Every structure is written in structure tokens, then in C-alpha cells.
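**Q** Kindly generate the corresponding structure for this input.
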Amino acid sequence: MPLAVTHVLSSIILVDLYRDYVAKHKKYFTIYTIFLAGFFGLLPDIDIVLEMTAGLFNLNIPALLQHGGITHTPFFAFLFLIPAAILWKSKKHRQSAYFFVAAFAILLHISLDCLIGGGSYEGVMWLFPFSMQSWKIHVISYLNAPNITEALDAVILLGWLWHEEKKHKISDFI
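**A** Numbering: from 1, shown residues only. Alright, predicted model coming up:
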């Protein structure tokens, strides 16, 4: 299962790379947008907090609100595309970009959970609300390598730091 750091860093890095190399309107992708990418990259795991809170009060929560439920579906990401489209149409492009980034980061989170392993053990309900069928690849379950998720975090972080040094000369700030 990807750790929280993997979800945060992968969202931050991909949005930052998009800003550096693809975006024609960099003013829509501020440092705040990059921060939001990390926040929303972790947002689907809010269901863990919900489960923990319910456990403190001995409450049962529906399966759709448990880990790997509705917050781990493209439907949840789609909810952020609605305000993105409305804001874009209203010519509020920077605010719209925040919601597009949110949808992207959520989709990236559930894709990582499906590919690497995480969320619901059964997989991701890609077609929710039309189907409750889950799909998974869970590559990590095929590898017999303990601590591979921690190693993945380290590789992602070091690769990004190397990129930032080459592109933005972060050593100038030391």
C-alpha cells in the first residue's frame, strides 16, 4: 500500500512537472496550487480518519464510507470537476485550476492504490455509482520485498530533489 508520503509527493511532483514543462499559463499554477496537489493527493484517505473517529464513539459506519469506499472512486474526483468547470466558465481560471488539480490528485491516489495496493483490499470501484465491481493490480503483493513502500518514498523524494536542484538550483537557498 502506498504510504501517505507517496500520495502527497507523487501529486506534488507531477503537478510541479506539469507547471515547469507543459503549462502555458504558469500563473494558474502557483506554489499554493502545488501545495493543494499534495493535500488533495492524500484526501481520499480521509476515510481512515472517519473510521478512527467512529471507532472512538463505537459507531458503525456504512461500507461506502470505510477505507477504500466512495472516497476511492472516480466519482469522488468528479465532484471536484463540477466547481472547476463552473469557475472556468466564470473566468476564474486560477481558482478553477485548484479544483482541476484536486480531481487529478484524487485520481492519481486511487490509481496508485489500484496499481500498487491500498484502499479496499478488493480494489477500486472504477465505475461507481453504476457498478460496485472492484478492480486491482496490487503489484506489491507479487514482490517479496519487505519495506518496499518506504523505499518507494525515498526514491520518489530523492528523484524530485535532484530535479529541483537541476531546474531551480535549490542549493542556492542553503
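
**Q** Which residue lies closest in space to M132, excluding its sequence neighbours?
**A** Counting by Cβ to Cβ, 6 or more residues apart in numbering, M132 lies nearest to M125, which is 5.8 Å off, once chain neighbours are set aside. The C-beta positions use only the backbone N, C-alpha and C, and glycine is treated the same way.

**Q** Can you get me a residue count around A145?
**A** A145 has 9 neighbours, counted by other Cβ atoms under 10 Å.

**Q** ugh, wrong one, I meant E150
**A** 12.

**Q** That one contacts L3, correct?
**A** Yes: with contact defined as Cβ atoms under 8 Å, E150 reaches L3; the gap is 7.0 Å.

**Q** Which elements pack onto the strand or helix carrying Q95?
**A** Using DSSP states H and E, Q95 falls within helix 93-116. Packing contacts for helix 93-116, counted by 3 or more Cβ pairs under 8 Å, 6 or more residues apart in numbering; DSSP states H and E, involve helix 4-21, helix 31-42, helix 74-89.

**Q** Now do the longest one against helix 93-116: the angle between them, please.
**A** Taking axes from the mean of the first three to the mean of the last three Cα atoms, to 10 degrees, helix 4-21 and helix 93-116 form an angle of 130 degrees between their directions.

**Q** for the second one, same thing?
**A** Our comparison of helix 31-42 with helix 93-116, counting by the same axes, to 10 degrees, yields an angle of 30 degrees.

**Q** With that, I have no additional questions.
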